[in-house]
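**Student:** I'd like to go over a predicted model; first the sequence, then the structure.
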Amino acid sequence: MMRRTPAAKVASEGVTHVQLAVQDGLQWLFREQPTEDYGIDAHVEVVDGEEVRGRLLALQIKSGESFFGEATRGGWWFRPDAEHVQYWLNHSLPVVVVLYEPRDRVCYWQTVSRETLQRTRGDGWRLLIPRGQVLDETAAPALREAADGDPYVLRIRDLQLARPWMERITAGQRLVIDIEEWVNKTSGRGEIVLGVDNEDGAPPTPLAHWPVALGRSGYADVVPGLFAWAHVDLHADTYDDADWSEYGDGGEDALPGLRPYADDGEVALWRLELTLNELGRSFLVVDRFGATGRRQLVS
């Protein structure tokens, strides 16, 4: 007579509870994967309302009290082997490790990335599974973001998308960003327009524009992070004129730092200039080497 081992029972129970958490808590799609898929037990597809957009996560599910034996501040250490780590990092989908605790029937999760993985002595690895990361509806925002891709890959992709703008700067063009900040909206809503300053007094020639919703975060703090490859400074001509109108010949008393040049209580207007920083110049060197095999310095 064949017997079902306790370990097999707990493993099956874990998959079932993860499926319920995904389908009932997140209201996303869950697809268990065949055992031939090394290191991956299920795929999860993100659903926004009724819209399925093809964003997927790969889940590695581990079940049982033994996976909670190494408690640490804020959670538990999970120690994958080196082969699994390399497999997960090279996987075509973002990978999430889920630990199922059978006593309380709770699932905890952590994304697998270069940021969350930690090397230990020798060739070992460890991954912190936070106690606060329960697989339920509260996990939706973070997992939705994870489904968009590996943060490392996304950052490199952002630089690649910004490359035409960087090249315009190296070609001698002045790039500016115009911002309309709706100051009475607690959502921090506004619009950013990236354009070329033609230095003829006319409005900049627009290159791209997008809405933003920064919440209660200040534009002066957040906007530079949207252009990590550039120094972000006040557009001198615009602010010289605005400060003259505001302060007269005492323009040196103007407020320091990034700030709007006009604010009527409803809409604040900003015009900031972008110049390449070290990251931008270095990226162009690496990108050109990748494209041509030749090294070329960027001034």
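**Tutor:** In hand now; what should we look at?
**Student:** can you map out the helices along the stretch 151-299 of the chain?
**Tutor:** For the stretch 151-299 of the chain, helices defined by DSSP state H, counting those that start in this stretch occupy the ranges 151-170, 219-226, 236-247, 278-292.
**Student:** just the C-alpha atoms of the top strand by length along the chain, please, in CSV.
**Tutor:** In the chain, with assignment by DSSP state E, the single longest strand is strand 51-63. Extracted in CSV, the C-alpha atoms of strand 51-63 (Å, rounded to 0.1, in the frame of the first residue of the first chain):
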residue,chain,number,x,y,z
GLU,A,51,-7.9,43.6,-17.2
VAL,A,52,-5.3,40.8,-17.7
ARG,A,53,-2.2,42.4,-19.1
GLY,A,54,0.2,39.5,-19.3
ARG,A,55,2.4,40.5,-16.3
LEU,A,56,3.5,37.3,-14.6
LEU,A,57,5.4,36.2,-11.5
ALA,A,58,7.0,32.8,-10.9
LEU,A,59,6.6,31.4,-7.4
GLN,A,60,8.8,29.0,-5.5
ILE,A,61,6.7,27.6,-2.6
LYS,A,62,8.2,26.1,0.5
SER,A,63,6.0,24.6,3.2
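**Student:** weakest of the helices of the stretch 151-299 of the chain in terms of mean pLDDT?
**Tutor:** Ranked by mean pLDDT, those bottom out at helix 236-247, with a mean of 80.
**Student:** show me what that helix is packed against.
**Tutor:** strand 267-276 (3 or more CB pairs under 8 Å, 6 or more residues apart in numbering; DSSP states H and E). Just so you know, the C-beta spots here come from the backbone N, C-alpha and C atoms, and that holds for glycine as well.
**Student:** packing partners of the strand it packs on?
**Tutor:** So strand 267-276, by 3+ CB pairs under 8 Å, 6+ apart, packs with helix 151-170, strand 174-182, helix 219-226, strand 230-234, helix 236-247, strand 262-263.
**Student:** thinking again about what came up before, what does the longest strand of the chain rub up against?
**Tutor:** The contact list for strand 51-63, computed with CB atoms under 8 Å, 6 or more residues apart in numbering, reads 10-11, 13-15, 18, 29, 39-46, 78, 84, 88, 91, 93-100, 102, 112, 143-144, 146-148.
**Student:** select only the buried ones of those residues in ChimeraX?
**Tutor:** Entered in ChimeraX, the line below selects the buried ones among those, by 16 or more other CB atoms under 10 Å:
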select :10,11,14,15,18,39,40,41,42,43,44,45,46,78,84,88,93,94,95,96,97,98,99,100,112,143,144,146,147
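**Student:** in strands, which of the contacts of strand 51-63 fall?
**Tutor:** 29, 42-46, 78, 95-100, 112.
**Student:** closest to W270 among those residues?
**Tutor:** Checking the ones in strands among the contacts of strand 51-63 against W270 by CB to CB gives V46 as the nearest, at 33.9 Å.
**Student:** quick one: the closest one and W28 touch, right?
**Tutor:** Yes - the pair V46 / W28 is scored as a contact, 5.7 Å apart, by CB atoms under 8 Å.
**Student:** and the residue nearest to E273 when sequence neighbours are not counted, how far is that from N184?
**Tutor:** Spatial nearest neighbour of E273, excluding adjacent residues (CB to CB, 6 or more residues apart in numbering): H235 at 4.6 Å. Distance, H235 to N184, by CB to CB, to the nearest Å: 25 Å.
**Student:** all good on my end, thank you.
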